[in-house]
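Enquirer: Sequence below, structure please.
(2 chains, ligands or ions: 2)
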Amino acid sequence: MKSFLIKGGIVYDPLNGVEGEVIDIGLRNGVIVDPSSLDPRETIVVDARGMMVVPGGIDVHSHIAGPKVNTGRVMMVEDHYLTNIPGKMGLRSQTGRTVPNVYKIGYGYARLGYTTVVEAASPPLKTRHTHEELDSIPIIDKMTLILMDSNWIALDYISEGDLKGLAGYIAWLLHATKGYGVKIVDPGADLAWLYGKGYGIDLDTQLPEYNLTPREIILMLGEASTLLNLPHPIHVHCNRLGYPGNYSTTTRTLELSSKYSTGNKISMHITHVQFTGYKGSTWATLGSGGEEIARILRRQRNASVDLGQIIFGSVTTMTADAPFEHVLFHISRWKWAFADVEAETASGIVPYRYRRRNYVNTVQWTIGLEVALLTKDPWRTFITTDHPNAGPFTKYPRVIAWLMSRRAREEEMKKVNRRALKKTALPAVDEEFDFNDIIIATRAAPAKLLGLEDFKGHLGIGAQADIAIYNIDPGKVDPSRDWKIVEKALSRAEYVFKDGRIVVRGGRVVEETYGSTLYVKPEIPEDLSKTIVDKVREMFPYYYSIQYSNFIVDLSEIRKPREIPVKTLL
Amino acid sequence: MTSTSIVQEALEEKLGERRQLEILLVTGRSLVQGMSMEAEGKRSRRYRLSASTLSLNPEDAQLIGVEKNSRVRVETEHGAIVVNVSIDPGLPRGTGFIPMGPWANAVVCPLTDGTGMPKYKNIPAKVRPTEEQVPSVEELVSIITGRRVDAHPVELDLREGEKKIIEDFVCPFCGDLCDFIKVHLNGNIVEKVVGACPLGSSKIRNYHRDRIVKPYIRSPSGLLEECTLPKALDKAAEILASSKHPLIFGLSSTVNEAIIVGVELAEYLGAIIDNTTVVCHGPTTIGVMEAGAARCTLGLVRHLADLILFWGCNPAEAHPNHFKRWVIEGGKHVKGRKDRRVIVIDVRRTATARMADEFIMVEPGKDYELITALRMAVKDLDIEQSTVAGVPREKIYELADALRSCKYGVGFFGMGLTMNEPRYRSLEELIKLAHDLNDWTRFTVVPMRGHYNVTGACQVSTWLTGYPFSVDFMRGIPKFIPGLTTATDALIRGDVDAALIIASDPVAHFPRKAVENLSKIPLIVVDPKWSLTAMIADVVIPSAMSGVEAGGTAYRMDGVPLRVKKIIEPPTGVMEDHRILLEILSRVRRLRGE
Ligand code: SF4
Ligand SMILES: [Zn+2]
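Expert: Residues are numbered from 1 along each chain as shown, chains lettered A, B, ... in the order given. Ligands and ions are numbered 1, 2, ... in the order given. Below is the predicted model of the structure:
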C-alpha cells in the first residue's frame, strides 16, 4: 500500500491537544505513522498548505440501514424520481433524498469528511438485515445499536431484579447480533404498543404485563452496561418524545445518569434531545426547554446528548417509537408504516415537513441550537440531525455554521415564525463555537463516546488513517462572519483518506472502498455465560418464531467485521 | 389452433348456444400443481393433470353437460385453450378456476393498465365441451413460442454415505421459510424430511430430479447442444454485452448474495432488473408507496392474534404449514386455535375457507368495493346499498365490529387482491383500513409472499436502487415506472432485446403475449431445473439449487432474515447463482472493454 505525507496543513486534533498547528502527518498501511519514517520513494506528498486537516468525522446517531430505513425508501418513492446521480467511473448510481440508497449514504458521508457512522436502532430479530445493508454502504466504518428496552427476555431479567443475568443477556444479545451497544427508545413504549397503549408514557408509568416502569428499565440497563464496561453507554431516546412539556422527562432522565455511573465516564447518552426538549402544555403553548436541559446537562457530568437539529424542509421520520409515529400520523395525515417485531420492539415511519413559518417547527429549530450553545461543552453535545428524522445528514455543515456564527442564525431567524422565537432563548444567545469546538463535537468526543479513542477520532501515531482535509484556512477565515465559506468548505472535503487511501478528492468520491463493521465482544465468566445460554435457549421457542441457531448472526455473514473486545467488571 | 379444431368448431356450433357457459375465470396456485412442479417437473403427467384443469361449480358443469375429466374449450378475448374439467362445489356459480401455469396463461389478460400486473383473475370466458385433446406442455409452449422445446433432464446419482441429521434446516420453497425442518441425509440421499409441508418436502426430497447438469447452447438446428461452462458463460456475456436493453428477471428463488450481483450486472448493462413481485405482490408494494404499511412479524400472530383474516389467499394450498404455525399453535396471550376467530374472504370456498370459523364469499373482482364499505362501517358511516360485492350490509357492519373489537387482528392477503382490476388501489385501501383500525385496536396486514426469497429480492433491490422491483437502468440511473419498466410490460411491448432469466420460469407464469415476445429475443436461463423457460432458451447454465446445494440469506414474508443452508454438494462443475452472475459480469466488463 502507498504511503502519504500530508504536508503543511493546519491540524486540529483535540485528543492530542493540537489546536490549529501546522504539522505534517504521515500515513502508511492504513495507519498514521511518524512522517520521518516514510520512505520518500514510495510516498505521495499531499500539499495541504492553507487547509484544515482533521480526523475523519464520526456520526453517533443516524438511521442508515435496516428494516425501517428500507421501508422508508419504498414509502418515499417520490423522493427518488428527481434526485438521481448516475454512476460514473466505477461508482454506482445514487438516488433518494430523505432516505437515500446505500451508495448515496456512503458517498455522501465521505464527501462531508465523515468516515464512521452509527446506525442508531436495530431490532435484534432483523439485525441480519441491518448488517446486510451496512455491508452494502461504501467507504464508511459502521456499527449498529441494538434495541433492548421492550425486549421480553431483558424485561424478564429486569423484573426479576437479576442484574448479573441482565448483563449476561446483553452480552449474549450483542454477540448474537454483532451489535455495538444498548439502545433504549421511549423505554417500555413498544411493549405497551402491542396492547394498543404506550402513548406518552413517562418515567413512572406502570407498564402492562410486567410490573415495571420505564425508570426501572433505564436504571437496570444502565447499570448492566456499566457492569459490562461496554465501550458505548446506554443510548436513550427519552419517554414522551414529541409531546409538549417533555423537557422535564428529559431532565429527570438525565439525572438518572449519575445513579450508576463510575468515575467520570459518560454513563448515558441522550439522543436527538431536540425532540424531547419541549416546554408548554399544548402545541399552542409550546416553548423551548433548551435552557433547562442545558442547565441540568452542565451539572450531570456523566451524560451527553446529541442534538437532532431540525433542518427546514421535508423529512422522513422513522423510529422505534411506534406509538409516537401513530400520533404523528394523525398530525401529518399522509402515509404511515409500522412494523411490530415479536418479543422485541416495533417501529413507525411517517413523512413530515418542517416549515419556517410554522410556530411549532420554529420552536423545534431553536432547541437543538440552544442546548449546544448554552451547555457549551462540545465534549458532551454532538451534532446530529437524527438523519432522516430532523433533517438529512448532508446538512451538518449548515448546523455547524449556525453553531459557529450568530449571524448565520440571525439570517435564519429572519425567515422563521416570530411568535415562536419570542418563546425561546436563542435570539439572545451570543455564543459561537470555534473550529476546535466543532472538531471536538464531530470527531474527538464521538470517538470517546464510542470508546474508540485509541484508534479513531485523532491523528496520533497508530491511529486509523481516516482523515479529512477541508479547503479552508482557519487562521484566515472568521467563521462568525464568513459562515457561508465554512459551510461550503465543510460540505465538500478537499481530500478524504479512508484507511490510508484517498477516497475523496476535490469534493468528489474517487474510489469506492468498503469499511469495517465494528461489534463488541464482552468477555463474561463461563458459568454465567452457560446460565444465560440455557435460559435463552429455553425461552427462545416460546418467544420467537425462528430457531435459536438461526437467530445468531455469524461473522462470516459480515463483509469486514472488526471485533472490539471488552473486559467486563463481572 | 389446428385443422381438426376447425372441423370440431363446426360440429360444436351445431350443438347450439345452449351448451356454452359464460364464466369469470380465476387463476391461482394449487397444492398438486406446486408439488408436482417441484417433484417430477413441468413435463410430468401429474403437473399436466393438475395445471390443465378447469374447476367448475357442479351446477354449471351440468348446464353444459360436462363432468369430471370431460374436456372443454375455454375462450377469452386473449386466446383459447382446451383443458380438463374438474368439479368443485366450493366454487360459486359462474366462476371457473385454472391453476397458474401455461394453460391458464394462454387465456389470461396481458393488459396491466400501467401497473405491471396482468389480469390473472376475473377474466370473462366462454366454456363449451369439446372433443379436442388437451395440449401437452411441450405442444403448448412450442405453439406459443415457435421454438423447439428441448430438455435433457438428469436424475442425479444418489450415493449412500455419511448419515446425518440437519437440524433447523430452512425450507427454500415458500415465503413462510419454515426454519425448524429436520433433514435426514444418507450420503446425498434425502431420506426423510421432518416438519416440512408436502410442498417443501417435495422440493427437498426431489432436489435430484429433473436437473440441468450441463450447460447448453441452442444450435442452428434448433436443439440444445451441450457445451463447456466457459463457452456458455462466454455466449451469455456476448448476448448481454451486445444488447442495448436487456432484461434480468427472476431472483425470487435465490439468495440475496446472488441478487446483489444481479443488480450490479443490470446497472452495468443498463438493463431492466425485475423479480417475480411484478406478478404477485407488485400492487401491494405500490400500495405501500401510496399509503404505508401495517405489519408485524409472524411470531406476534401466534402470541397475540385473536382475530385472523385471510383475504384472497389460500395458504392451505400455497403455504401449507402457515395455518398450523400461526393459527393453530398458541403463544404468550392467545393459547391456540380455539382462542382465535378465523375469517376467510374469497371468491370461492377454498381449502383455507373450510378451516375457518367463517367464510364470506365476495363477488369476483369486487374486493375493492368490499374494503371500501368496511372502512365506512369501521367509521360508523352508513352504507346505502343493501349488499356490497355480494355481501349483505348487515354482514359488513358485523365484520367491521369484529375487526374493531378484537385485541390484535392480523389480515393475511394474497393474489386474490393483487390480481384484480383495481390492483394497487385495493391494497392501498386495505392498508388504510388497517390504519383506521389502529385507532380502535391493534391491527396489521401481512402479504402472503410466494417464492421463498421474493421478500429478499425486494429488500435488496430497494437498498441498492431505491426501488423494490422493476428497476430500469437504461439511462444510467435507476428508474421505476410501472407500466414501462415492469418486466411484463417491457416484454409485452417488445422493449427489451435480450433476457437473462434466473431462478424463475416466466414461460410458465407470464401471459401468452409476453412469452411470445420473450421467445423472439436471445434468451439465457440460469436454473437448477428444467423450467419451461430453460427448454426454449438459447443458453442454459445449470446452477446449484439454492437452499439445498448453496447457502445464503433469504427473507421470510414478514421480513425476518434467515440463512438457507448448503447441505449437499452440487453436481460436479455446477456453480451457485452468485458465482455464475459474477462470472458473467466479469466477462461482460471484458467485452465492453474494461
Ligand atoms: S409452508 Fe412453505 S416454507 Fe414451510 S415447509 Fe411448506 S413450503 Fe416450506
Ligand atoms: Zn434516531
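Enquirer: which element is whichever residue of the stretch 251-400 of chain B sits closest to chain A on?
Expert: Closest contact between the stretch 251-400 of chain B and chain A, by CB to the nearest CB, is at residue B:299 (3.1 Å). All C-beta spots, glycine's among them, are computed from the backbone N, C-alpha and C. Per DSSP states H and E: residue B:299 is located in helix B:298-304.
Enquirer: elements contacting that helix?
Expert: strand B:408-413, strand B:442-447 (3 or more CB pairs under 8 Å, 6 or more residues apart in numbering or on different chains; DSSP states H and E).
Enquirer: what's the spacing between the residue nearest the centre of chain A and residue A:185?
Expert: Per CA atoms, centre = their mean, the C-alpha nearest to the average position across chain A is that of residue A:61, at 1.0 Å. Distance, residue A:61 to residue A:185, by CB to CB, to the nearest Å: 12 Å.
Enquirer: For the residue in the stretch 251-400 of chain B that ligand 1 sits nearest to, give me its contacts.
Expert: Taking CB to the nearest ligand atom, ligand 1 has its nearest neighbour within the stretch 251-400 of chain B at residue B:321, 3.4 Å off. The contact partners of residue B:321, by CB atoms under 8 Å, 6 or more residues apart in numbering or on different chains, come to B:176, B:178, B:196-197, B:200.
Enquirer: what's the farthest-apart pair in these?
Expert: B:176 and B:196 (10.2 Å; CB to CB).
Enquirer: Who has more neighbours out of those two?
Expert: Neighbours per residue (other CB atoms under 10 Å in any protein chain shown) separate residue B:176 from residue B:196, with residue B:176 holding more: 26 against 22.
Enquirer: Got the phi and psi for residue B:308?
Expert: Backbone torsions of residue B:308, given as degrees, to the nearest 10, read phi -130, psi 130.
Enquirer: That one pairs with what?
Expert: Per DSSP bridges, the residues bridged to residue B:308 are residue B:342, residue B:410.
Enquirer: can you pull the contacts of whichever residue of the stretch 151-300 of chain A sits closest to chain B?
Expert: Across the stretch 151-300 of chain A, the shortest distance to chain B (CB to the nearest CB) belongs to residue A:196, at 5.1 Å. By CB under 8 Å, 6+ apart, the contact list for residue A:196 reads B:407, B:438, B:441-442.
Enquirer: coming back round to it: let me see the backbone angles for the residue of the stretch 251-400 of chain B closest to ligand 1.
Expert: Dihedral angles (degrees, to the nearest 10) for residue B:321: phi -80, psi -10.
Enquirer: pLDDT wise, what is residue 508 at?
Expert: With no chain named, the answer covers chain A. pLDDT for residue A:508: 96.
Enquirer: ah, no, chain B please
Expert: 92.
Enquirer: picking that back up, columns secondary structure, pLDDT and distance to chain A on top of the contacts of residue B:321, output as CSV?
Expert: Listed next are these as CSV, based on DSSP: H, G, I helix; E, B strand; the rest coil; pLDDT from 0 to 100; distance: CB to the nearest CB, whole Å:
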residue, secondary structure, pLDDT, distance to chain A
B:176, coil, 98, 10
B:178, coil, 98, 10
B:196, coil, 98, 14
B:197, coil, 97, 16
B:200, helix, 96, 15
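Enquirer: Helix or strand: which one has residue 462?
Expert: Assuming you mean chain A. Residue-wise, residue A:462 maps onto no helix or strand under DSSP H and E.
Enquirer: hm, I was asking about chain B
Expert: helix B:454-465.
Enquirer: all strands for the stretch 301-450 of chain B, in order.
Expert: B:307-311, B:341-346, B:358-361, B:387-388, B:391-392, B:408-413, B:442-447 (DSSP state E, counting those that start in this stretch).
Enquirer: The fifth one pairs with which strands?
Expert: Looking at strand B:391-392 with DSSP bridges, its partner strands are strand B:387-388 (antiparallel).
Enquirer: What are the contacting residues of the strand it pairs with?
Expert: B:366, B:369-370, B:373, B:393, B:396.
Enquirer: Let's see that with 7 Å instead.
Expert: B:369-370, B:373, B:393, B:396 (CB atoms under 7 Å, 6 or more residues apart in numbering or on different chains).
Enquirer: What is the distance between the following helix or strand past the helix holding residue B:462 and the centre of its chain?
Expert: Once the chain leaves helix B:454-465, the next helix or strand it forms, by DSSP H and E, is strand B:471-472. On the basis of CA atoms, centre = their mean, to the nearest Å, strand B:471-472 sits 21 Å off its chain's mean C-alpha point.
Enquirer: Establish whether strand B:471-472 and chain A are in contact.
Expert: No. Using CB under 7 Å from any CB of the partner chain, we find that strand B:471-472 stays clear of chain A, coming within 9.9 Å at best.
Enquirer: Contacts for that strand, please.
Expert: Residues contacting strand B:471-472 (CB under 7 Å, 6+ apart): B:272-273, B:461, B:465, B:478-480, B:485.
Enquirer: can you name the two of those that are farthest apart?
Expert: Pairwise over the contacts of strand B:471-472, using CB to CB, the maximum falls at B:461 and B:479, 12.7 Å.
Enquirer: Out of those two, name the residue with the larger neighbour count.
Expert: Relative neighbour count places residue B:461 above the other of residue B:461 and residue B:479, with 30 against 21, counting by other CB under 10 Å.
Enquirer: picking that back up, which residue, other than its chain neighbours, is closest to the residue of the stretch 251-400 of chain B closest to ligand 1?
Expert: Distance criterion CB to CB, 6 or more residues apart in numbering or on different chains; nearest residue to residue B:321, sequence neighbours excluded, is residue B:197 at 4.5 Å.
Enquirer: low pLDDT regions in chain B?
Expert: B:1-18, B:594 (pLDDT under 70).
Enquirer: Give me the domain ranges for it.
Expert: The domain map for chain B lists B:14-135, B:213-280+B:452-553+B:572-591, B:292-447, with the assignment taken from automatic domain parsing.
Enquirer: List phi and psi for residue 366.
Expert: If you meant another chain, say so; for now it's chain A. phi -70, psi -30.
Enquirer: Could you check how far it is from residue A:382?
Expert: Residue A:366 is 18 Å from residue A:382, by CB to CB.
Enquirer: Which one of the residues in the stretch 301-450 of chain B is closest to ligand 2?
Expert: residue B:438 (22.3 Å; CB to the ion).
Enquirer: go on, the stretch 201-350 of chain B?
Expert: residue B:292 (18.8 Å).
Enquirer: same deal with chain B?
Expert: For chain B, CB to the ion, closest residue to ligand 2: residue B:463, 18.3 Å.
Enquirer: Contacts only, for the residue of chain B found nearest ligand 1.
Expert: Chain B approaches ligand 1 most closely through residue B:200 (2.7 Å), counting by CB to the nearest ligand atom. Counting by CB under 7 Å, 6+ apart, residue B:200 touches B:171, B:173, B:178, B:181.
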